[in-house]
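Undergrad: pasting the sequence and the predicted coordinates here, then a few questions.
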Amino acid sequence: VQFVESGGGLVQPGGSLRLSCAASGFTFSGYIMRWYRQAPGKERELVASITRGGAAINSLDSVKGRFTISRDNAKNTVYLQMDSLKPEDTAMYYCNADSGWGQAYWGQGTQVTVSS
């Protein structure tokens with residue numbers, strides 16, 4: 001199992017980033033995909049989930065209307081479009097694959113820093 005996460009970086013408040021997580025080594029279309037984030041000194045939190053069929057669920061109230069999760073099963077890739085970024089969005093962002101029956105895989109993380 002391998003993930004290649006990309007798209008993180010430094011952005012000014014109000015800016016946008018698009019995270020990508022390309023997966024291999026398992027049947028991507030059979031897994032629920034999620035994005036988590038972890039800020040320094042804080043617990044990892046669930047940002048958004050997307051079902052096998054592409055129904056998106058934003059889990060954090062603080063990102064509703066700003067972040068959009070999507071997936072392309074043909075490319076084995078999940079995305080997180082992040083708009084109107086705020087300094088409090090600064091964190092390491094991780095993609096996660098969840099089989100729904102106890103098997104899960106994690107990406108290595110990509111850093112997002114929102115600062116002027």
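TA: Sure, I can see it.
Undergrad: switch to C-alpha atoms for all contacts and neighbour counts from now on
TA: OK.
Undergrad: mind listing the strands for the chain?
TA: Listed in chain order, the strands of the chain (DSSP state E) span 2-6, 9-11, 17-24, 32-38, 45-50, 56-58, 67-72, 77-82, 91-98, 104-106, 110-114.
Undergrad: could you export the ones you listed as a markdown table, including mean neighbour count and mean pLDDT?
TA: What follows is those, written out as a markdown table (neighbours: other C-alpha atoms under 10 Å; pLDDT from 0 to 100):
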| stretch | mean neighbour count | mean pLDDT |
| --- | --- | --- |
| strand 2-6 | 18 | 95 |
| strand 9-11 | 15 | 98 |
| strand 17-24 | 20 | 98 |
| strand 32-38 | 23 | 98 |
| strand 45-50 | 21 | 97 |
| strand 56-58 | 18 | 84 |
| strand 67-72 | 20 | 97 |
| strand 77-82 | 21 | 98 |
| strand 91-98 | 23 | 97 |
| strand 104-106 | 15 | 95 |
| strand 110-114 | 21 | 98 |
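Undergrad: how far away is the residue most central in space within the chain from F26?
TA: Most central in the chain under C-alpha atoms, centre = their mean is W35, positioned 3.0 Å from the mean C-alpha point. Distance from W35 to F26, counting by C-alpha to C-alpha, to the nearest Å: 18 Å.
Undergrad: now do K42
TA: The spacing between K42 and F26, counted by C-alpha to C-alpha, is 30 Å.
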